[in-house]
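>>> Pasting the sequence and the predicted model now:
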Amino acid sequence: MARRKRKDESPDWVAPEFDEVAFMRREIEGARAAVATIIWAVVGAVIAFALFAVLPFLAFLGGIAVGFGLYFMLPLFGVQVDAFKRKDWIGHGITYFFSWLAFWILFLNPPFGDFTDPTIQGISVSPYTLPLFTGNLTCEAPAGGTVTIALDSNNSIFILFRASDNRGLANLSVTMTPGGGSPILLSPTSVSGSNQCAGHRSELYPSATYNATFPTSATTSYSVVIMATDGVGRQAAVGFLIRV
């Protein structure tokens, strides 16, 4: 017959005593390490930003390399790393990587940096009549760098295009060179309101739409170059040939 357990016998397992002071110290140490890691991520982002102008891939490697400096940097913030385990280093490494990536992307964009060229797109060419045109624009897009139009009774050529930049354009120019002639610099003007292209009259011109118009001469070809420049000097240029 099994012996009945007496009420005054001690249990076989006793819960360890909770050390509140040690727990609070660990939490404070972890928070301090997290803040220091984010600050170090800003340093890594600044270094990657400086290297990006040299070589983008080098900037990425530089930012990652800075992350390994956490081992030497954290003690400078008063963080004791001797008791860190592998999971602690992995956690802080992940915090550094995503913080560094976020700061780096932030620095690469305005107002801190601008590494994006302007864009020129949506180019079309149409016969036109100066000083007033009331019909539909044919809006022929260059194919293979050349566009052919029929002037008929029109006396000028209308070039329509879009030009934009993430920080705004500092300069926009259109250079037209008639066959056998000298280059002529045209000043494009902003276009808005109802679209005049045939088949698109119910639409509005997209933002950043411009046009340049010039009278025709006896020549049968015109070389055109559209150039856009942003505030830091980055440029984009598109050239094509107009045949009439």
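Ah, there it is.
>>> From F115, how far out is the closest residue to A48 other than its chain neighbours?
Nearest residue to A48 in three dimensions, chain neighbours excluded: G63, at 3.8 Å (Cβ to Cβ, 6 or more residues apart in numbering). C-beta here means a position set from N, CA and C on the backbone, and glycine is covered the same way. Distance of G63 to F115, given as Cβ to Cβ, to the nearest Å: 15 Å.
>>> Have a look at those two and say which one is more surrounded.
G63 (25 against 13; other Cβ atoms under 10 Å).
>>> pLDDT at that one, what is it?
Model confidence at G63, given as pLDDT, is 95.
>>> Quickly find the element holding it.
helix 56-67 (DSSP states H and E).
>>> name the helices or strands packed onto the helix or strand following that helix?
Using DSSP H and E, the helix or strand that follows helix 56-67 in sequence is helix 70-73. With contacts defined as 3 or more Cβ pairs under 8 Å, 6 or more residues apart in numbering; DSSP states H and E, helix 70-73 has these neighbours: helix 20-52, helix 86-107.
>>> JSON lines please, covering those and showing mean neighbour count.
Below are the helices and strands packed on helix 70-73 laid out as JSON lines (neighbours: other Cβ atoms under 10 Å):
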{"stretch": "helix 20-52", "mean neighbour count": "16"}
{"stretch": "helix 86-107", "mean neighbour count": "16"}
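>>> Confidence-wise, which of these is weakest overall?
helix 20-52 (a mean of 88).
>>> Just want the angle from that one to helix 86-107.
Angle, helix 20-52 to helix 86-107, by axes from the mean of the first three to the mean of the last three Cα atoms, to 10 degrees: 40 degrees.
>>> Turn the helices and strands packed on helix 70-73 into TSV, columns for distance to R167.
As requested, the helices and strands packed on helix 70-73 are arranged in TSV below (distance: least, Cβ to Cβ, whole Å):
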stretch	distance to R167
helix 20-52	16
helix 86-107	14
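>>> closest to T148 out of the ones you listed?
Ranking the helices and strands packed on helix 70-73 by proximity to T148 (Cβ to Cβ) places helix 20-52 first, at 43.1 Å.
>>> now the closest one, how far from the chain's geometric center?
27 Å (Cα atoms, centre = their mean, to the nearest Å).
>>> so what secondary structure elements neighbour it?
helix 56-67, helix 70-73, helix 86-107.
>>> Before we move on, what's the pLDDT of S164?
For S164, pLDDT reads 96.
>>> Now it. Nearest residue, chain neighbours left out?
S164 sits nearest to A208 (Cβ to Cβ, 6+ apart), 4.1 Å away.
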